[in-house]
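Asks: what's the 3D shape of this:
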Amino acid sequence: MHVLGVAGPSDVGKTTLVERVCERLAERGRVATIKHCTHAPDVDTEGKDTARHRAAGAAVSYGLADDAWFATGEDRGLDETLDELARSYDYAVVEGYSGARIPTVALGGRDHAGRRLAAGETASDVDVAALVEALHDCEPYETLGSLVARVKAANDSDRAGAIATFTGRVRERDDPDDTPTEYLEFEKYEGVADEKLATIRDDLCARDGVFEVALYHRTGVVEAGEDIVFVVVLAGHRREAFRAVEDGIDRLKDEVPLFKKEVTVEDAVWAHER
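Replies: Residues are numbered from 1 along each chain as shown. I've put the predicted structure just below:
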């Protein structure tokens with residue numbers, strides 16, 4: 001899933017730009033939107049069903065209809081919402097989260113944390129066609145769930161009896177007395193890294209009993225405790241799945257040109273991934 005943020009003051013046409021971007025992206029795939037609200041929607045009205053559910057002890061309550069839904073209760077952040085959307089959508093357009101590290105178009109001079117794809121004083125200053133092309137040059141937003149959903153959609157999924165996965169994460173320390181790692185920062189050898197990943201995937205998919213493979217390694221800043229890399233294998237049986245997952249992560253570490261900087265509370269050092 002590709003994610004685009006639209007940041008700016010309230011009077012520069014953010015929503016108008018979101019509409020224009022959604023119209024263009026909907027020609028290519030499924031689009032979801034997220035808006036940063038300053039207050040909760042007024043749906044937990046006293047005496048109504050969701051309020052009664054909450055009063056009875058439910059932490060979160062969902063309302064579902066044929067063409068709509070809403071949720072109340074348990075706090076939910078942008079990351080959790082994007083993780084869920086990534087399983088089913090091709091694009092997510094996020095309005096108002098200027099502090100998020102996502103590709104962003106900035107309006108009205110608004111500061112933002114993510115990579116800047118475009119800027120303008122108002123929405124009318126943004127070339128939407130160029131913005132959409134720039135978005136497709138950005139790294140997609142992937143999770144273990146989105147990759148599992150992808151392999152489940154393979155043509156031969158009716159013959160598969162196993163899905164095996166590997167998730168690599170940022171380890172804060174090796175031993176209790178080690179200096180804690182705050183985050184890792186990854187860069188990839190553009191073009192070559194993607195070619196190597198594609199080659200590994202093709203080789204694994206060519207094995208007997210393996211029907212689909214997905215490999216993904218994040219770039220940029222990944223904080224301690226966050227996930228870095230995923231390998232997902234759809235196979236006929238567990239043995240083929242487990243072997244392909246192990247070989248997949250070993251080859252990814254050995255063959256894909258990635259560069260890593262480790263930042264601890266005391267130091268920052270670049271090291272080459274093998």
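
Asks: going forward, measure contacts and count neighbours with C-alpha atoms only.
Replies: OK.

Asks: Do a quick rundown of the helices in the stretch 1-150 of the chain.
Replies: 14-25, 49-55, 78-85, 128-136, 144-152 (DSSP state H, counting those that start in this stretch).

Asks: ok, residues contacting the fourth one?
Replies: Right, the one you point to is helix 128-136. For helix 128-136, contacts defined as Cα atoms under 8 Å, 6 or more residues apart in numbering pick out 2-4, 20-21, 24-25, 103, 117-118.

Asks: Now do the strand or helix carrying F186: which elements does it pack against?
Replies: For F186, the element it lies in under DSSP states H and E is strand 181-188. Using 3 or more Cα pairs under 8 Å, 6 or more residues apart in numbering; DSSP states H and E, the elements in contact with strand 181-188 are strand 220-223, strand 258-264.

Asks: need those in CSV with mean pLDDT and distance to H53, can you?
Replies: Conversion of these to CSV gives the following (pLDDT from 0 to 100; distance: least, Cα to Cα, whole Å):
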stretch, mean pLDDT, distance to H53
strand 220-223, 91, 37
strand 258-264, 89, 45
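
Asks: Would you convert those strands into JSON lines that also reports mean neighbour count and distance to T181?
Replies: Output for the helices and strands packed on strand 181-188, formatted as JSON lines (neighbours: other Cα atoms under 10 Å; distance: least, Cα to Cα, whole Å):
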{"stretch": "strand 220-223", "mean neighbour count": "17", "distance to T181": "8"}
{"stretch": "strand 258-264", "mean neighbour count": "18", "distance to T181": "4"}
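
Asks: Please enumerate the strands of the stretch 101-250 of the chain.
Replies: 104-107, 116-120, 162-169, 181-188, 210-217, 220-223, 227-235 (DSSP state E, counting those that start in this stretch).

Asks: Okay, now the sheet partners of the fourth one, with direction.
Replies: Meaning strand 181-188. strand 220-223 (antiparallel), strand 258-264 (antiparallel) (DSSP bridges).

Asks: Perfect, that will be all.
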